[in-house]
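Undergrad: compute the structure for the input listed below.
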Amino acid sequence: MKQNINNRFTFPVGYHKFHRKQLYNFQLNRWYSLGYLPYEDLQELGKKISNFKSWNTEMKSFAENALNQGKLLEAAFYFRAVEFYTFPGDNEKEILYDKFSELFYKSLKNDNIEKHKIPYDTSFLHVIRRPPTDIENNKGTILLHGGFDSFIEEFYSMMKYFSENGYEVIGFDGPGQGATLKKYGIAFDYQWEKPTKAILDYFKLEDVTLIGLSMGGWLCLRASAFENRIKHVIASGNAYDYYKIPPAIARWLMNFFNAKLKDYSNKIALKNIKKGGMDGWKMSNLMYITKIDVPMSAFDYAMQMNEKNLHSELVNQDVLILTGRNDHFIPYKLHDKQIKLLSNAKSLTDIIFTKETQAHNHCQIGNIGLVLDTMLKWVEERNRKLSKKV
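TA: Numbering: from 1, shown residues only. Below is the predicted model of the structure:
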């Protein structure tokens, strides 16, 4: 039995210079590369944006314009863009999330998306499921999640790709992400095996493939270290130790200020948040996701995402590591160290994407189609080997 396929996604090739500042430019490329927003609009937006204020003003204008034209999915992602750089203390932040969510699901109302509210701790996890397009020939289950401040809906185009290629796909907002944070109040927790277990138990799943994107790459490896129902794991755009990202001198300064001048560091962080610049946004976002209201305490918690707590040595599944050679978030120097730490993996494949493929940036933004084809081919090769043994 075939399901109706309505909203087809295409994944354009190319990482573009929409904006001269990388932190704006990457976000513009992200929603373009995932198949949600048009090139011409983003090119125009890049010329108009100079700071957070103009980002929000222009994105709202494009959202309303898309809405007036009946382009609900485009409007949803323009509202998501506004929400992204809205400070957590702003009352509009939740309103913008609600607008994004409403338009997202309205635009895809005929797209066979199941929404689930899974009991977790004293609250719930937000989960969406898409069955395989050909229900009678289910090739298996893929579990997918994003990273630090993502919404699972942002990766729906990827979920649909796997669904159309025969897989049941379950995507989720873990602790600190999307609706799980905003609607169910669950703060970030690096012990990712806990939400993963809750989902596997709820759907009664075995032998799944787990895909983690961005910081989700660290999280999915952590989950795999403690959950043997995961058979294959794919990590894209992760660092094995987030403390190791800055240069050595920067780490020394962080340690010095944190150990000797913590009160001063907290005051400076709060002052930056009040000023409203990029540094202030980063810290306020970290505090919002962790639900820790002291800046340096929130920072200390984030630094628990390190080599020791990852437990790479316990990962004994088939592993695929995907790295962008010019990832502007995660230094390339960390790639080889992660590979060496995965010494007990059942099998280990690492792929480095370069500028020639346009998949050289963070999480292969610039050529999502290529990375999806790469993931699918790898999963199907692993599944063939597994079926032969059975």
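
Undergrad: for the rest of this, base every contact and every neighbour count on C-alpha atoms.
TA: Noted.

Undergrad: quick check: the gap between residue 301 and residue 189.
TA: 9 Å (C-alpha to C-alpha, to the nearest Å).

Undergrad: any shared contact partners between those two?
TA: Counting by C-alpha atoms under 8 Å, 6 or more residues apart in numbering, the shared contacts of residue 301 and residue 189 are residue 290.

Undergrad: so in the chain, which helix runs the longest?
TA: helix 368-389 (DSSP state H).

Undergrad: what residues of it count as buried?
TA: 368, 369, 370, 371, 372, 375, 376, 378, 379, 382, 383 (16 or more other C-alpha atoms under 10 Å).

Undergrad: so who does the most centrally placed residue in the chain touch?
TA: Of all residues in the chain, the one closest to the mean position by C-alpha atoms, centre = their mean is residue 146, 2.5 Å from it. Listed by C-alpha under 8 Å, 6+ apart, the contact set of residue 146 reads 152, 155, 173, 212, 213, 214, 215, 216.

Undergrad: the helix or strand that contains residue 282: what's the following helix or strand?
TA: Per DSSP states H and E: residue 282 is located in helix 278-290. Elements were assigned by DSSP H and E; along the chain past helix 278-290, the next helix or strand is helix 295-302.

Undergrad: tell me the mean pLDDT for that next one?
TA: For helix 295-302, the mean per-residue pLDDT is 93.

Undergrad: and the angle for it with helix 278-290?
TA: 60 degrees (axes from the mean of the first three to the mean of the last three C-alpha atoms, to 10 degrees).

Undergrad: on the three-state scheme, the residue nearest to residue 39 when sequence neighbours are not counted is what?
TA: Spatial nearest neighbour of residue 39, chain neighbours left out: residue 32 (6.7 Å); criterion: C-alpha to C-alpha, 6 or more residues apart in numbering. Recorded secondary structure, residue 32: helix (DSSP: H, G, I helix; E, B strand; the rest coil).

Undergrad: could you dump stretch 92-106 to CSV, C-alpha only?
TA: The C-alpha trace of stretch 92-106 is given here as CSV (Å, rounded to 0.1, in the frame of the first residue of the first chain):
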residue,chain,number,x,y,z
GLU,A,92,7.6,37.0,22.0
LYS,A,93,9.9,34.0,21.9
GLU,A,94,7.2,31.4,22.8
ILE,A,95,4.6,33.2,20.6
LEU,A,96,7.0,32.9,17.6
TYR,A,97,7.5,29.2,18.4
ASP,A,98,3.8,28.6,18.5
LYS,A,99,3.4,30.4,15.1
PHE,A,100,6.1,28.3,13.6
SER,A,101,4.6,25.1,14.9
GLU,A,102,1.1,26.0,13.9
LEU,A,103,2.1,26.8,10.3
PHE,A,104,4.5,23.8,10.0
TYR,A,105,1.8,21.3,10.8
LYS,A,106,-0.9,23.1,8.9
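
Undergrad: buried residues in that stretch, which are they?
TA: 93, 96, 97, 98, 99, 100, 101, 103, 104, 105.

Undergrad: same thing with stretch 336-343?
TA: Applying 16+ other C-alpha under 10 Å to stretch 336-343 flags 338, 339, 341, 342 as buried.

Undergrad: and for stretch 276-293?
TA: 276, 280-292.

Undergrad: got it, and stretch 149-164?
TA: 149-164.

Undergrad: so which of these are in helices?
TA: 156, 157, 158, 159, 160, 161, 162, 163, 164.

Undergrad: give me the pLDDT for the nearest residue to residue 277 once chain neighbours are set aside.
TA: Using C-alpha to C-alpha, 6+ apart and skipping the chain neighbours, the partner closest in space to residue 277 is residue 52 (7.7 Å). With respect to pLDDT, residue 52 scores 93.

Undergrad: turn the ones in helices among the buried residues of stretch 149-164 into JSON lines, including distance to residue 44.
TA: As requested, these are arranged in JSON lines below (distance: C-alpha to C-alpha, whole Å):
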{"residue": "156", "distance to residue 44": "25"}
{"residue": "157", "distance to residue 44": "24"}
{"residue": "158", "distance to residue 44": "26"}
{"residue": "159", "distance to residue 44": "29"}
{"residue": "160", "distance to residue 44": "29"}
{"residue": "161", "distance to residue 44": "29"}
{"residue": "162", "distance to residue 44": "32"}
{"residue": "163", "distance to residue 44": "33"}
{"residue": "164", "distance to residue 44": "33"}
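
Undergrad: related to what we said a few turns ago, check the offset of the longest helix of the chain from the chain's centre.
TA: 21 Å (C-alpha atoms, centre = their mean, to the nearest Å).

Undergrad: what's the answer for stretch 223-241, then?
TA: 14 Å.

Undergrad: what about it, average pLDDT?
TA: Stretch 223-241 comes out at a mean pLDDT of 97.

Undergrad: ok, now which ones touch residue 119?
TA: Counting by C-alpha under 8 Å, 6+ apart, the residues that residue 119 touches are 125, 198.

Undergrad: quick one: strands adjacent to the strand or helix carrying it?
TA: Element membership for residue 119 (DSSP H and E) is strand 114-120. Paired neighbours of strand 114-120 in the sheet (DSSP bridges): strand 123-130 (antiparallel).
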